[in-house]
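[1] sharing a model that was predicted from the sequence below.
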Amino acid sequence: MKPLFKSAVLCAGLLGLAGVHPIATAAYPERPIMMTVPFPAGGGVDVVGRLYTNEISQRSGANIVIDNKAGSGGIIGVGPWHVPNPTAISS
């Protein structure tokens, strides 16, 4: 191979890797984690959920927000999980 071609390939490879570093060092998660508890605040399930989120928050350093959605025996709290988020824009 010619030295000029080797240099061009090396430069192209280094330029391609230059943009990888900022993406790889992005903080995760960028926003607080939402935890839904399908029962009222102050109950046993809420207390256990808060104990879990406290431990996870200390270990991971992430902010965790608890969202209590009580009613209908927990169905209201888990209802939004059944609605899928759109993954593509339909035409």
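    The structure has been received and is ready for your questions.
[2] contacts and neighbour counts: CA atoms only from here.
    Fine.
[3] just the CA trace of the helix or strand hosting K6, in CSV.
    With elements delineated by DSSP states H and E, K6 resides in helix 3-18, which encompasses its position. Extracted as CSV, the C-alpha positions of helix 3-18 are listed here (Å, rounded to 0.1, in the frame of the first residue of the first chain):
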residue,chain,number,x,y,z
PRO,A,3,2.0,5.6,2.3
LEU,A,4,-0.4,8.3,1.3
PHE,A,5,-3.3,5.8,1.2
LYS,A,6,-2.3,4.5,4.6
SER,A,7,-2.3,8.0,6.0
ALA,A,8,-5.7,8.8,4.6
VAL,A,9,-7.2,5.6,6.0
LEU,A,10,-5.7,6.3,9.4
CYS,A,11,-7.0,9.9,9.4
ALA,A,12,-10.4,8.8,8.4
GLY,A,13,-10.5,6.2,11.2
LEU,A,14,-9.4,8.7,13.8
LEU,A,15,-12.0,11.3,12.7
GLY,A,16,-14.7,8.6,12.8
LEU,A,17,-13.7,7.8,16.4
ALA,A,18,-13.6,11.5,17.5
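[4] and G61, its phi and psi?
    phi 80, psi 10 (degrees, to the nearest 10).
[5] start at 32 instead
    I'll keep to 32 as the first residue from here, and by that count the last item is G92.
[6] do you know how far it is from V68?
    Computed as C-alpha to C-alpha, to the nearest Å, the G92 to V68 distance reads 21 Å.
[7] what sits against the spatially closest residue to G108 that is not a sequence neighbour?
    Nearest residue to G108 in three dimensions, chain neighbours excluded: P69, at 4.1 Å (C-alpha to C-alpha, 6 or more residues apart in numbering). Contact analysis of P69 by C-alpha atoms under 8 Å, 6 or more residues apart in numbering lists 99-102, 104-109.
[8] against V96, how distant is P69?
    If you measure P69 against V96 using C-alpha to C-alpha, the figure is 14 Å.
[9] ok, G92 and V68, which is more surrounded?
    Remark: of G92 and V68, V68 carries more neighbours, 21 against 11, as counted by other C-alpha atoms under 10 Å.
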